[in-house]
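Student: From the sequence below, what's the structure:
(2 chains)
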Amino acid sequence: MLPHKKIESALQAAVRELLPDADTSIILVRPCDPKFGDYQSNALMSLAKTRKLNPRQLATDVLAKLDVSEVCEKVEIAGAGFLNFRLKNSELVKNLEAAVRGEHLFFVKAASPKTIVVDFSSPNVAKPMHVGHIRSTGIGDALQRSLRLLGHQVITDNHIGDWGTQFGKLLLGWKQILDRPALERDAIAELERLYKTVNAECDADPTRLDAAKSELVKLQAGDEENLRIWREMVKLSQVQFDTIYGRLRVKFDVALGESFYNPWLGEVVASLLTRGLARESEGAVGVFSDGSLPPKEDPFLVNRDGEWIADPALVRKSDGGFNYMTTDLATIDYRLKTWSPDEIIYVVDDRQSPHFKKLFITFTRWQPDAAKKVKLVHVGFGKIMGDDGKPFKTRSGDTVKLGDLLDEAEERALQQVTEKSPELPEAQREEIARVVGLGAVKYADLLPNRQSDYIFSWDKMLALQGNTAPYLLYAYARIKSIFRKQEHPEARIQNPELILAASEEIALAKHLLNFGLTLEAVADEFRPNYLCNYLFEVAVHFSRFFENCPVLKAESDAVRHSRLALCDLTARVLKQGLETLGIETVEQM
RNA sequence: GCACCCAUAGCUCAAUUGGAUAGAGCGGCUGACUACGGAUCAGCAGGUUAUAGGUUCAACUCCUAUUGGGUGCACCA
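Tutor: So this is what the prediction gives:
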């Protein structure tokens, strides 16, 4: 058992003994400023407060019941009632030696694994994937990897936008202005041109819009020709998706697009109507407020000029077509019946937050029993902005295409590798550039807190110095270099004794110990940036160690073996951590 | 109009959700025995956390107001 887990459970037991009704799940120890120890608890102060107790007295009482002498030095009470824990060197050594033997890598699998559906990426057919998609794709992929690593059963689903109103316009364009040679050269560009052209025409001319709508109605009614064209558009888009996901090394267990749910949409609406949850309004069918929430918190109400009026979730349009609320309801229903998940998480732009609020409430009203068994979570993220503070566009008004961003990243990385390591063969330099460039982009996107908007900048996305993926990869490569330089690699002893004496060794070792703590925080709060920051700190601690503690030229065999083992553990944590972020590693760069 | 989100160092961002002296990177300035890989390391400068109040042992974090930005407000997804 990892030391912080031991401290945590001992602390929980001690507190429960004194305050049986206390919520011990909130009581946790977490690393703080090293000046105040390796772990700390600040929960006693708030516990004391709600019970009108003296916090320092409570801390003293808890301490009297607390025995963590196996893992910690004497526990200190500090400040208003903090408990500061300092790990014993022997405990640190014990844990690292266990890791060296391969017993763990500083994390433990979840005690009760959950089944979790992760819905992310969701590109649209006939549109290029742009920088915006890197957010959902990168965050979603990092989260699903973290959850899997912690032992959960994960189903990743790419809910592709392959059905809906845009196809009316696309079909019209395809039939009337399609440029075949252009389609063969660059299918997505041509499809995009069709859409843009017809869309502009529709804005100017209502009869064009009617024509587009009737194409859509024909498609949804099963018209053979329109279905054939639609299938071709989907197929062409799939090629693009496969290319991008291949480059990003992102895989999905299933990719059930919106069209997959088409057969059930009528039933969903019928069911909502029979249960009295939906009703007709202005020719459409919608779910309305049930009045159970105060107006301000009710997503089915909106204030217009001082009056609260209905803002229903439409499930059938006045023309008889369905929309994404209907599809999303059918999707939840299907997922529950197919996988019985404990959670479904949606990694989607924050702007859709009102939609998900309505969706989750509507589903809960529709299937109350099923809803009790599943946690529905919208993991939102901020918008990508240009440096003018407006949603990001290039000078020509388009968004930056994801493929172009990746190309540029690899190009810049190749330039750098060629400059730094001209001696490496070209093929190897290209492979390094691929990993480094791609890693830089992914890391740059994962580093900021997902909730905040971020300003897009090429230089930031493609940076190769500082708190970036290349910095982490460089630390990893330096470790690998040490092992390559080792004179007798085969003479490496199997389970060396760890000697942690230098402050840099101890700091690095203690930090490695917190890998699992970090992974759990990532999984609990769906925030991969914790892992980015953790790994950056691993690399920083390693770099300091590397500067100050000679490994191969260590003063004795024992110290050399110990440091080699520490290097190896660092490399393993870096590799595993980067892999969890969806970033590959290279042995040299 | 109404609702929601945001404002932290010159720039881009953190701060594990109410914890101790607000941290990084970039940019700027100093340094580092030819270094087990300099894509690195050590250091300096840079902050009244938009403004004004409030809550409490403790506030970037919660509340109120103000200013400035963004987003969303049935038949697009």
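Student: Do the one helix or strand residue A:213 maps to and RNA strand B come into contact?
Tutor: For residue A:213, the host element (DSSP states H and E) is helix A:206-220. No: if you take Cβ under 7 Å from any atom of the strand as the test, helix A:206-220 misses RNA strand B, and the best it gets is 7.6 Å. Every C-beta, even on glycine, is put in place using the N, C-alpha and C of the backbone.
Student: Just give the number of residues close to residue A:581.
Tutor: 25 (other Cβ atoms under 10 Å).
Student: wait, I meant residue A:20
Tutor: 8.
Student: Angles on the backbone of it, please.
Tutor: Residue A:20 adopts backbone torsions of phi -60, psi -30, taken as degrees, to the nearest 10.
Student: Distance-wise, check residue A:547 relative to RNA strand B.
Tutor: 4 Å (Cβ to the nearest atom of the strand, to the nearest Å).
Student: Ok, residue A:422 next?
Tutor: 11 Å.
Student: same thing with residue A:72?
Tutor: 14 Å.
Student: what's near enough to touch that residue?
Tutor: Residues counted as contacts of residue A:72 (Cβ atoms under 8 Å, 6 or more residues apart in numbering) are A:3, A:7, A:85-88, A:91.
Student: hang on, the earlier thing: name the helices or strands packed onto the helix holding residue A:213?
Tutor: Where contact means 3 or more Cβ pairs under 8 Å, 6 or more residues apart in numbering; DSSP states H and E, helix A:206-220 is packed against helix A:166-177, helix A:187-204, helix A:224-248.
Student: Make CSV from those helices and add mean pLDDT, distance to residue A:73 and mean neighbour count to it.
Tutor: Output for the helices and strands packed on helix A:206-220, formatted as CSV (pLDDT from 0 to 100; distance: least, Cβ to Cβ, whole Å; neighbours: other Cβ atoms under 10 Å):
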stretch, mean pLDDT, distance to residue A:73, mean neighbour count
helix A:166-177, 94, 64, 21
helix A:187-204, 91, 62, 17
helix A:224-248, 96, 46, 16
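Student: ok, now which ones touch the closest residue to residue A:375 other than its chain neighbours?
Tutor: Of all residues not flanking residue A:375 in the chain, residue A:343 sits nearest, at 4.5 Å (Cβ to Cβ, 6 or more residues apart in numbering). With contact set as Cβ under 8 Å, 6+ apart, residue A:343 has these partners: A:114-117, A:374-377.
Student: Return the distance of residue A:343 relative to residue A:336.
Tutor: From residue A:343 across to residue A:336, the span is 11 Å (Cβ to Cβ, to the nearest Å).
Student: Residue A:106 and RNA strand B, how far apart?
Tutor: Residue A:106 is 15 Å from RNA strand B, by Cβ to the nearest atom of the strand.
Student: Could you list the residues of the stretch 151-300 of chain A in contact with RNA strand B?
Tutor: Counting by Cβ under 7 Å from any atom of the strand, the stretch 151-300 of chain A sits next to RNA strand B at A:161, A:164-166, A:258, A:281-284, A:286, A:296.
Student: Out of these, grab the one that's most surrounded.
Tutor: residue A:258 (24 neighbours).
Student: Pull the contacting residues for it.
Tutor: A:159-164, A:324, A:327.
Student: repeat for residue A:58
Tutor: A:18, A:44, A:47-48, A:81.
Student: Quick one: these as TSV, columns for distance to residue A:575 and pLDDT too.
Tutor: Below are the contacts of residue A:58 laid out as TSV (distance: Cβ to Cβ, whole Å; pLDDT from 0 to 100):
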residue	distance to residue A:575	pLDDT
A:18	44	91
A:44	38	92
A:47	40	89
A:48	44	90
A:81	40	91
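Student: Can I get the buried part of the residues you listed as one PyMOL selection?
Tutor: With 16 or more other Cβ atoms under 10 Å as the criterion, this PyMOL line picks the buried residues out of the contacts of residue A:58:
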select buried, chain A and resi 44+47+48+81
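Student: between the contacts of residue A:58, which is closest to residue A:538?
Tutor: Among those, residue A:44 lies closest to residue A:538 (Cβ to Cβ), at 30.5 Å.
Student: Report the two of the residues of the stretch 151-300 of chain A next to RNA strand B separated the most.
Tutor: So, these by Cβ to Cβ: farthest apart are A:166 and A:296, at 34.1 Å.
Student: Point out where the stretch 451-589 of chain A drops to low pLDDT.
Tutor: Residues of the stretch 451-589 of chain A that meet the criterion pLDDT under 70 lie in A:489-493.
Student: rerun at 80
Tutor: Scanning the stretch 451-589 of chain A with the threshold set as pLDDT under 80 gives A:487-494.
Student: Closest residue of it to RNA strand B?
Tutor: residue A:466 (2.3 Å; Cβ to the nearest atom of the strand).
Student: and the gap between that residue and residue A:476?
Tutor: Here residue A:466 is placed at a distance of 16 Å from residue A:476 (Cβ to Cβ).
Student: Could you report the neighbour count for residue A:350?
Tutor: Counted with other Cβ under 10 Å, residue A:350 comes out at 16.
Student: Is it correct that it is in contact with residue A:384?
Tutor: No: using Cβ atoms under 8 Å, residue A:350 is not in contact with residue A:384; the gap is 11.7 Å.
Student: Show me chain A divided up by domain.
Tutor: A:3-87, A:115-162+A:258-381, A:166-248, A:402-580 (automatic domain parsing).
Student: element containing the residue nearest the centre of chain A?
Tutor: When Cα atoms, centre = their mean is applied to chain A, the residue found nearest the centroid is residue A:139 (2.7 Å). Using DSSP H and E, residue A:139 maps to helix A:131-149.
Student: How about that helix and RNA strand B, any contact?
Tutor: No: using Cβ under 7 Å from any atom of the strand, helix A:131-149 stays clear of RNA strand B, with a minimum separation of 11.6 Å.
Student: could you give the angle of that helix to helix A:224-248?
Tutor: 70 degrees (axes from the mean of the first three to the mean of the last three Cα atoms, to 10 degrees).
Student: Quick one: name whatever helix or strand follows helix A:131-149.
Tutor: Taking DSSP H and E, what comes next after helix A:131-149 is strand A:153-157.
Student: helix, strand or coil for the residue nearest to residue A:363 when sequence neighbours are not counted?
Tutor: Using Cβ to Cβ, 6+ apart and skipping the chain neighbours, the partner closest in space to residue A:363 is residue A:332 (5.2 Å). Here residue A:332 is helix, with the state taken from DSSP: H, G, I helix; E, B strand; the rest coil.
Student: quick one: contacts for residue A:332?
Tutor: Counted by Cβ under 8 Å, 6+ apart, residue A:332 has contacts A:344, A:359, A:363, A:374, A:376.
Student: Okay, the closest residue to the last one other than its chain neighbours and residue A:335: tell me how far apart.
Tutor: By that I understand residue A:376. Closest residue in space to residue A:376, ignoring its immediate chain neighbours: residue A:360 at 4.7 Å, by Cβ to Cβ, 6+ apart. Residue A:360 sits 13 Å away from residue A:335, going by Cβ to Cβ.
Student: Low-confidence regions, the stretch 201-350 of chain A specifically.
Tutor: Using pLDDT under 80, the stretch 201-350 of chain A drops low at A:305-306.
Student: rerun at 70
Tutor: Using pLDDT under 70, the stretch 201-350 of chain A has no residue that qualifies.
Student: What are the boundaries of the helices in the stretch 251-400 of chain A?
Tutor: In the stretch 251-400 of chain A, the segments counted as helices under DSSP state H, counting those that start in this stretch are A:265-274, A:324-339, A:353-366, A:368-372.
Student: As JSON lines, the ones you listed with distance to residue A:570 would be great.
Tutor: Formatted as JSON lines, those follow (distance: least, Cβ to Cβ, whole Å):
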{"stretch": "helix A:265-274", "distance to residue A:570": "52"}
{"stretch": "helix A:324-339", "distance to residue A:570": "37"}
{"stretch": "helix A:353-366", "distance to residue A:570": "40"}
{"stretch": "helix A:368-372", "distance to residue A:570": "45"}
